[in-house]
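K.L.:
what follows is a predicted protein model with its sequence.
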2 protein chains.
Amino acid sequence: MSVKVGKSKSHKIFFLSCDECGQEIEVSMPEFIIGILPKMLDLKSENLERSFKNGNIKFYSGQGVEGLQFRKDVGHIESGTMICFGNKIEIVRGFPKIRRTLLLNPSLVNHFKTEVAVEEKMNGYNVRLALISQKIKAFTRGGYICPYTTKKAPEILDMEDFFNDNPELVICGEMVGTENPYVTHHYREIGKLGFRIFDLRYKTTNEPLNIKEKYQLLDSYNLPSVKSYGIIPIEEAVERIFDIIQVMGQEDREGVVIKDPEMELEPVKYTTSRAHLGEIEYAFNYPFDFGRSFFFSRVIREGFQAFELDESEEEIRKRAHLLGESILFPMVNTIKHVSGDNSAFEDIVIHVENNTDAEEFARHLRDLGVVAIVQSFDDGKAVIRRIHQSTTDRISNYLRGGLY
Amino acid sequence: MSVKVGKSKSHKIFFLSCDECGQEIEVSMPEFIIGILPKMLDLKSENLERSFKNGNIKFYSGQGVEGLQFRKDVGHIESGTMICFGNKIEIVRGFPKIRRTLLLNPSLVNHFKTEVAVEEKMNGYNVRLALISQKIKAFTRGGYICPYTTKKAPEILDMEDFFNDNPELVICGEMVGTENPYVTHHYREIGKLGFRIFDLRYKTTNEPLNIKEKYQLLDSYNLPSVKSYGIIPIEEAVERIFDIIQVMGQEDREGVVIKDPEMELEPVKYTTSRAHLGEIEYAFNYPFDFGRSFFFSRVIREGFQAFELDESEEEIRKRAHLLGESILFPMVNTIKHVSGDNSAFEDIVIHVENNTDAEEFARHLRDLGVVAIVQSFDDGKAVIRRIHQSTTDRISNYLRGGLY
């Protein structure tokens, strides 16, 4: 069945044409959602109808793709899923949420079977690369097509042969490096911008290849994966992972994702203290934008890690001091900065061909609800200024004598 | 107009009798709330009706008092207000929320006139003492009559003459000391249990006496006030209050309330770093019960205080270390404690005459939504165990390998 999207006087309408006889029928958006989509997704039509009314499923148009974007989970269909219209309907499922463990022991033994695959969890942003109408598009976690990533990913990753042979697969990976527009982090092996793959999944069903199949396929197309620590017997896993985590912490790396080698069980993540504190530090640069939501769970992780490592009073004290510093220093710096009549902002550097591309990316950020402007463009280098409005407004108010 | 409360088949009913002719009429609860109460409180009847339906106004019965309890602000009527029925209707208004300033400068100059009265803010629990049907009752902040405080307050405070002469006034103060059931804190001048008065207000209107009238009246009845730092010219206030706050911090005291001597403007509070950290430490003993809600605003206070005091990097570092310790040590201790198959609890010591009184107080706590049992009673000393269920359950779950 192919779908084209048109517009009637008041509503979006779909022209569905039969693949066999070519006959075209016209259905309205509600008819499509209630009558056709439930069968495609194996969901109840009430469920889809309610989600559409609540705004949890939205019509999306951007980067040459029209479709339906899932803003929240609907039944078994993940948030971030996109139903793309075109010559045929293509479904790109959202990347599944990876649950976290606060303790390695006994979680790993409880959760997994005889072996676990351990892979690095990198600090960047989650991207799904998939063919939509024969073109590679880059989907962010939330199901938006990012113009910058869609342009950059094919420049740093040769995916042509892979997608020619495997059009039904999605490349799931992390965009990392110091010059990316979402999460910047320095990796000595990456530099400015890089992409590392952690999963290959079937577009429509979200079913992952198992670990062995994944590495075989990535190797044969010369595509880069995240660092693998191999397959580890379950009885050695806790000790081995703590060794890995210790080195990772020293190297300012984020942590690991622990997987069932068959990919039949859900993966689990575990992260370094350094990563927790780094995120708290970032959040308290912009306390009224991120402080409240970032803080609590990361502090809880620190508590359980200190407990599981059976740290001495002196070790806990050292961890506590680093925690306190990661909260207070950035906050006081930002108050000082705003007191100089500045706003609280961060500048993002991206490399684009022209000012139009920079403006397009800033618009994309604004679509996501971020206050962003192109601060400068010079010789391929664009500076996008992201303004943290709540932090700016609230600190300014208190500095003027406003009450809390 | 006097009111008695009876019960018809399905609803509470009121018997209102005219003070002049003695005629008694019967009105239902809804009729009372929609028809009579709006005039008494100068509120719109729709407003009261909605609040009653939402459960923001509830019927209250306890400690020999029946009435209507305001669980939330309704128009200008404060949360914690109680409309008491009896031989006559007596209204005890809720204690008004005191706003906080994060910076003394320029808040004080902006907010106040030529002078401010500075008084100690003590770390205990807010109590209003008022005559209801000629008996002294102790109202908690939320508008509950506390059986323990109602019993104890007259033992430690001779209010008889005061209330004989001033039945229309409410004594607003702090119950403090190491043996109180809500907030225990050691004050060398208090010991186990004490009461210190900060406001005298008219029962029905909530209008406060000004500072001078208040001290005159308290002195003449020999009633103890919180410590006063006197009336300070506004231009000296910031410097003087920082001096006070510094000493208070060293003495583990909470902070100050800054008032307009005429009590025409709203008071403002400002607290010590020691108090912020003490509360964070308490909260992270029971992280899943209090951690999230306690943390953020107290950390923000630390940031603004460090900024206003223009602290050096070393001073901020020291503050940060204490902050980190106040989070991590209690949390790790509680995880260790729960890992020994214990629940996370705190034991409250109160002095009561018999086990029945102890049970009555535990029941009162349970009415407030607290999980509490009488752990022991011996020779007038009752130990009430307050169990922090979320902390116990969630830590136990993670220790058994549950995912976050």
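P.N.:
That came through, no problem. Numbering: from 1, shown residues only, chains lettered A, B, ... in the order given.
K.L.:
kindly state the pLDDT recorded for the residue of chain A found nearest chain B?
P.N.:
Residue nearest to chain B within chain A: residue A:324 (2.9 Å; Cβ to the nearest Cβ). All C-beta spots, glycine's among them, are computed from the backbone N, C-alpha and C. Note on residue A:324: pLDDT of 98.
K.L.:
contact residues of the stretch 301-404 of chain A facing chain B?
P.N.:
A:302-304, A:306-307, A:311, A:316-317, A:319-325, A:327-329, A:331-332, A:335-336, A:339, A:398-404 (Cβ under 8 Å from any Cβ of the partner chain).
K.L.:
now, of those, which are buried?
P.N.:
Among these, those scoring as buried are A:302-304, A:306-307, A:311, A:316-317, A:319-325, A:327-329, A:331-332, A:335, A:398-399, A:401-404 (criterion: 16 or more other Cβ atoms under 10 Å in any protein chain shown).
K.L.:
centre of the chain to the helix ranked longest in chain A, how far?
P.N.:
Ranked by residue count and defined by DSSP state H, the top helix of chain A is helix A:313-339. Averaging C-alpha positions (Cα atoms, centre = their mean, to the nearest Å) puts helix A:313-339 27 Å from its chain's average.
K.L.:
what of stretch A:283-296?
P.N.:
That offset, for stretch A:283-296, works out to 19 Å (Cα atoms, centre = their mean).
K.L.:
also stretch A:30-46?
P.N.:
27 Å.
K.L.:
buried sites along it?
P.N.:
A:31-34, A:36-38, A:41, A:43.
K.L.:
which ones among those map onto helices?
P.N.:
A:31, A:37-38, A:41.
K.L.:
name the nearest of these relative to residue A:173.
P.N.:
Nearest to residue A:173 out of these is residue A:41 (Cβ to Cβ; 25.0 Å).
K.L.:
can you pull the pLDDT of the nearest residue in space to that closest one that is not next to it in sequence?
P.N.:
Once flanking residues are discounted, residue A:41 sits nearest to residue A:77: 5.6 Å by Cβ to Cβ, 6 or more residues apart in numbering or on different chains. We have a pLDDT of 97 for residue A:77.
K.L.:
residue A:77 touches residue A:70, doesn't it?
P.N.:
Yes: the pair residue A:77 / residue A:70 is scored as a contact, 6.0 Å apart, by Cβ atoms under 8 Å.
K.L.:
list the residues that contact both of the two?
P.N.:
residue A:94 (Cβ atoms under 8 Å, 6 or more residues apart in numbering or on different chains).
K.L.:
does the closest residue to residue A:331 other than its chain neighbours sit in a helix or strand, and which one?
P.N.:
Spatial nearest neighbour of residue A:331, excluding adjacent residues (Cβ to Cβ, 6+ apart): residue B:303 at 3.9 Å. Per DSSP states H and E: residue B:303 is located in helix B:292-308.
K.L.:
buried residues of that helix, list them for me.
P.N.:
B:292, B:294-296, B:298-308.
K.L.:
that one - contacts with which helices or strands?
P.N.:
helix A:292-308, helix A:313-339, helix B:273-285, helix B:313-339 (3 or more Cβ pairs under 8 Å, 6 or more residues apart in numbering or on different chains; DSSP states H and E).
K.L.:
done for today, thanks.
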